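Novice: Can you look at this prediction? I've put the sequence above it.
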Protein chains: 2
Amino acid sequence: MDATHDPRLTSFVASANGHPDFPIQNLPLGVFSTAGGRPRGGVAIGDMILDVAPVATLLPAAARAAAEAMATDHLNALFALGATARRALRAGISALLATDSARAEQLRPHLHPASACTLHLPARIGDYTDFYAGIHHAANAGTLFRPDNPLLPNYKYVPVGYHGRASSVRASGSNVRRPKGQRKPADEAAPSFGPCRNLDYEMELGIWIGGGNALGESVPIAEAGGMIAGYGLLNDWSARDIQGWEAQPLGPFLAKNFHTSISPWIITPEALEPFRIAQPPRPEGDPRPMDYLWDEADQARGAIDLAVEVLLQTPRGGPFRLSLSNTNFLYWTPAQMVAHHTVGGCNLSPGDLLGSGTISSPSEDGFGALLEITRGGRKPATLPNGEERRFLEDGDTVIFRARAARDGAVPIGFGECRGTILPAT
Amino acid sequence: MDATHDPRLTSFVASANGHPDFPIQNLPLGVFSTAGGRPRGGVAIGDMILDVAPVATLLPAAARAAAEAMATDHLNALFALGATARRALRAGISALLATDSARAEQLRPHLHPASACTLHLPARIGDYTDFYAGIHHAANAGTLFRPDNPLLPNYKYVPVGYHGRASSVRASGSNVRRPKGQRKPADEAAPSFGPCRNLDYEMELGIWIGGGNALGESVPIAEAGGMIAGYGLLNDWSARDIQGWEAQPLGPFLAKNFHTSISPWIITPEALEPFRIAQPPRPEGDPRPMDYLWDEADQARGAIDLAVEVLLQTPRGGPFRLSLSNTNFLYWTPAQMVAHHTVGGCNLSPGDLLGSGTISSPSEDGFGALLEITRGGRKPATLPNGEERRFLEDGDTVIFRARAARDGAVPIGFGECRGTILPAT
């Protein structure tokens, strides 16, 4: 573990010390704007945001190009510089923000209260891919449709994924318009058109791609982790009734492409380093991953111990916790997703986004979607204030949070991914 | 029909007169480069390419902004100017290139032999979506998997589509690397990994989006056709064995994302105007499209009478014709695809690309994929030189061509979409 994780390290930005999300050990990357200002790259520190590019000259030479790349309204150029530049930037900013920093006075004009800033989508997303690596979610969803055979035969061999819509990914805080579309419940004879009646969220880990591979070339599993620039919280909003009618034989389309939310702060692999754990052993009888998905180092350190929480705020109360789970329930590591994505030659680029698939625990208190909590809407959830929910109602706000904590390390958080449902037009 | 379609119209570029693809009545848009030059926008005229931006000052004022927008290496900026600007550009270039043009000598330095030019992807593709509107293909493919029930219940209600991979779309002429991946034939007990054994093409109409809609807003069907900037020929290369194993429950992924080819010339809606026809009436008993998909004008003129041809050149012979079909076999019009894509609020942008789905005729001589011609590989096709094909072999070149011809109009063509299979690495 390097010096940037030292638990004794504190910042002269007082709100960072003990901050649940953004102590000096985190230093996530994002794009922000101040009132009337243009969007540019920043780093969260406590309740403040450091405008990075203007302080480039205060950084060691190795970190300067990375800081200058943050002058634009997206982080793609920073990502393209690779992990070495990103690590140098982290080390340099950590030193600048430390309590014993000699540069505190020079930094102050470039520290903005987060509460007065707007956070934007942190990258220009070339392509967005959604995986399905939450095995308990896959089993729960499968049970609703195929009670005797919830997991399809390919599930334990293939990191199942599909292409999503990049244009409709929005930063946390964007309101979500309830979609209209075709739906045909089993008890109706013909399909009808209208506002989605079974609107849902899906709690996922977002994975930002920082590297690239040429079309026709594969990324070996041992290098796949190095292609990842960071992580966020992703809400794969889902219109279950539209999905049920449209999705055969080619998969979800309008049921998903009306909106996807991503938390604005990119938590780097460097920040998560103390929270990497072994991929949990597969249950007895599960097949060993194929060679292109198997790497000892990835098995030993490729999973993340990250608690993920879903909260619901209704127009009448809350926020109420709906679930608490952990990313270590994912059946495939992020590196396995990258290796699989490229094994046939598909080219990834800096700024591409992956979703992990919905993260659910084996137990009900960790189910990552209302579909699972309410058994497809058949068993309404009762909220602490007495309200019931089968699916989301207009005015509901869904909030995701995540927190990594391990002995000997200062805990870090992801900030929020939130969205409020607006009525259909 | 406007003056640009006058069948008496000829060009001072002699090769254009009687040209099978690019007479003066076509004037397709693309991006080209000369040896050592940078990619920029051009118009095909016979065997030549007109470099458009340098002649902007020779055009009427209404066409100048459109011509200047073609100075870059993509046509997104031109698309964003909309249909009125695109029509003015067409009219202006038609007059400049006509036999009676007073500007012929000023144009000659900006006319380059196509044979000495490289053609590029004509736009920066934000998102790529693949539809499934070829009903005979859907029935043929369905028959292989569900003999008693080839078309799923949603097919005649929903213009079924799914998201594809934008990053791996390449202009015609790019070689196609055979992908590797997991496959599990029905007669093998466990999946294995290796080069695709059932590599196929799919003949589709490509649809370029020229307009945009805001997230959360739908495009009414009456306006949907106006969102289309033009058309091309699209090869949705498909790894059938990978697809068969991976595609449930979320659709095709690695089976499609290793490469998609598009013809480099964008045939505008203006050029196709004489070849628009009524959408063929639905068979007795088929449901009427829902209101959001129904527009009288689209039904009357929304289909395209375009003959589409697939040829195969092998290392030992050809090209041999594999099929001849027509885009009027599509069950949904391009405008219906756009209206459906946006009805839930998904935002389209200039430069987005849609595929129509594989176009097959009811009869075997018009099947748009080897999957259909060879009944899933069970009945090999015999080529005129005696070779047999179940699926594509290394070194095979697949060539698509298309031609629109109607009484009273000068026929136009789309040029080629071609790709050669390279062995897996």
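Specialist: Thanks, I have it. Quick caveat, the model's predicted, so the values are computed rather than measured.

Novice: what's the helix ranked longest in chain A in contact with?
Specialist: Using DSSP state H, we find that the single longest helix of chain A is helix A:83-97. Contacts to helix A:83-97, defined as Cβ atoms under 8 Å, 6 or more residues apart in numbering or on different chains, come from residues A:2-4, A:9, A:11-13, A:16, A:24, A:27, A:43, A:45, A:50, A:52, A:55, A:58-60, A:62-63, A:65-67, A:78-79, A:101, A:103, A:107, A:210, A:226, A:229, A:268-271. Any C-beta I mention is one placed from the backbone N, CA and C, and that applies to glycine too.

Novice: same thing but at 6 Å, please
Specialist: A:4, A:11, A:24, A:27, A:43, A:45, A:59-60, A:62-63, A:66, A:103, A:226, A:270 (Cβ atoms under 6 Å, 6 or more residues apart in numbering or on different chains).

Novice: Low-confidence stretches in the stretch 301-425 of chain A?
Specialist: Counting by pLDDT under 70, the stretch 301-425 of chain A has no low-confidence residues at all.

Novice: Show me what from it comes close to chain B.
Specialist: A:Gly344, A:Gly345, A:Cys346, A:Asn347, A:Ser349 (Cβ under 6 Å from any Cβ of the partner chain).

Novice: So the fourth one versus B:Leu75, what's the distance?
Specialist: The one in question is A:Asn347. Distance of A:Asn347 to B:Leu75, computed by Cβ to Cβ, to the nearest Å: 22 Å.

Novice: Please say which of those two ends up with more neighbours.
Specialist: Taking neighbours as other Cβ atoms under 10 Å in any protein chain shown, A:Asn347 and B:Leu75 compare with B:Leu75 leading, 26 against 22.

Novice: just checking, the more buried one touches B:Ala123?
Specialist: Yes. With contact defined as Cβ atoms under 6 Å, B:Leu75 counts as touching B:Ala123 (5.0 Å).

Novice: and A:Gly173, how many neighbours does it have?
Specialist: Around A:Gly173 there are 16 residues (other Cβ under 10 Å).

Novice: And the residue lying closest to it once chain neighbours are set aside, how close does it get to A:Ala98?
Specialist: Computed as Cβ to Cβ, 6 or more residues apart in numbering or on different chains, the closest residue to A:Gly173 that is not its neighbour in sequence is A:Arg418, at 6.1 Å. Distance check for A:Arg418 against A:Ala98: by Cβ to Cβ, it reads 31 Å.

Novice: now swap in A:Ala404 and tell me
Specialist: 21 Å.

Novice: Look up which helix or strand A:Ala67 falls in, please.
Specialist: Here A:Ala67, judged by DSSP states H and E, is contained in helix A:61-69.

Novice: Residues touching that helix, excluding its own?
Specialist: Residues outside helix A:61-69 that contact it (Cβ under 6 Å, 6+ apart): A:Val52, A:Ala53, A:Ala56, A:Leu59, A:Ala77, A:Leu78, A:Leu81, A:Ala85, A:Ala88, A:Leu89, A:Gly92.

Novice: Next up, the contacts around the first one.
Specialist: When you say that, I think you mean A:Val52. A:Gly41, A:Gly42, A:Val43, A:Ala67, A:Met70.

Novice: Name the nearest residue to it, sequence neighbours excluded.
Specialist: Spatial nearest neighbour of A:Val52, excluding adjacent residues (Cβ to Cβ, 6+ apart): A:Met70 at 4.3 Å.

Novice: Hmm, A:Gln279 and A:Ala300 touching each other?
Specialist: No. Between A:Ala300 and A:Gln279 there is no contact under Cβ under 6 Å: 8.0 Å.

Novice: which one of the two has more residues nearby?
Specialist: When neighbours are counted by other Cβ under 10 Å, A:Gln279 comes out ahead of the other of A:Ala300 and A:Gln279, with 20 against 12.

Novice: tally of neighbours for A:Gly210?
Specialist: The local packing of A:Gly210 (other Cβ under 10 Å) involves 28 other residues.

Novice: Verify the stated contact: it with A:Phe79.
Specialist: Yes. Contact criterion Cβ under 6 Å: A:Gly210 and A:Phe79 qualify, at 4.0 Å.

Novice: so what's in contact with the two at the same time?
Specialist: A:Ala229, A:Pro350.

Novice: Spit out the contact partners of A:Ile262.
Specialist: Counting by Cβ under 6 Å, 6+ apart, A:Ile262 touches A:Val169, A:Gly206, A:Gly232, A:Leu234.

Novice: Tell me the bridge partners for the residue lying closest to A:Leu383 once chain neighbours are set aside.
Specialist: Nearest residue to A:Leu383, sequence neighbours excluded (Cβ to Cβ, 6+ apart): A:Phe320, at 5.0 Å. On the basis of DSSP bridges, A:Phe320 is bridged to A:Leu312.

Novice: repeat for the one 10 residues further on
Specialist: Partner residues in beta bridges with A:Leu330, using DSSP bridges, are A:Gly134.

Novice: ok, it to B:Gly46 distance?
Specialist: Distance from A:Leu330 to B:Gly46, by Cβ to Cβ: 57 Å.

Novice: So for these two, which sits in the more crowded spot?
Specialist: Shown here are A:Leu330 and B:Gly46; by other Cβ under 10 Å, A:Leu330 has more neighbours (28 against 22).

Novice: now A:Ala189: how far from B:Pro264?
Specialist: From A:Ala189 to B:Pro264 the distance is 48 Å (Cβ to Cβ).

Novice: Those two: who's more crowded?
Specialist: Neighbours per residue (other Cβ under 10 Å) separate A:Ala189 from B:Pro264, with B:Pro264 holding more: 26 against 5.

Novice: Tell me the pLDDT of the more buried one.
Specialist: pLDDT, B:Pro264: 98.

Novice: Enumerate every residue touching A:Asp127.
Specialist: Per Cβ under 6 Å, 6+ apart, neighbours of A:Asp127: A:Ala166, A:Asp352, B:Arg165, B:Ala166, B:Ser167.

Novice: try 7 Å this time
Specialist: A:His163, A:Ala166, A:Asp352, B:Arg165, B:Ala166, B:Ser167 (Cβ atoms under 7 Å, 6 or more residues apart in numbering or on different chains).

Novice: go on, A:Phe329?
Specialist: A:Phe329 neighbours (Cβ under 7 Å, 6+ apart): A:Gly134, A:His136, A:Ile359, A:Ser360, A:Ser361.

Novice: what about A:Ala133, neighbour count?
Specialist: Neighbours of A:Ala133 (other Cβ under 10 Å): 29.

Novice: show me the contacts for it.
Specialist: A:Pro159, A:Leu330, A:Tyr331, A:Trp332, A:Met337, A:Ser356, A:Gly357.

Novice: In strands, which of those appear?
Specialist: Among these, the members falling in strands (DSSP state E) are A:Ser356, A:Gly357.

Novice: Helix or strand: which one has A:Leu78?
Specialist: helix A:76-80.

Novice: same check, this time on A:Pro362
Specialist: With DSSP H and E as criterion, A:Pro362 is part of no helix or strand.

Novice: ok, and for stretch A:336-347, which residues are buried?
Specialist: With burial defined by 16 or more other Cβ atoms under 10 Å in any protein chain shown, the residues of stretch A:336-347 counted as buried are A:Gln336, A:Met337, A:Val338, A:Ala339, A:His340, A:His341, A:Thr342, A:Val343, A:Gly344, A:Gly345, A:Cys346, A:Asn347.

Novice: quick one, helices of chain A?
Specialist: With DSSP H as the criterion, chain A has helices spanning A:61-69, A:76-80, A:83-97, A:104-107, A:135-145, A:221-224, A:240-246, A:269-272, A:296-301, A:334-342, A:370-373.

Novice: comparing these, which gets the lowest mean pLDDT score?
Specialist: Per-segment mean pLDDT for those reaches its minimum on helix A:135-145, at a mean of 92.
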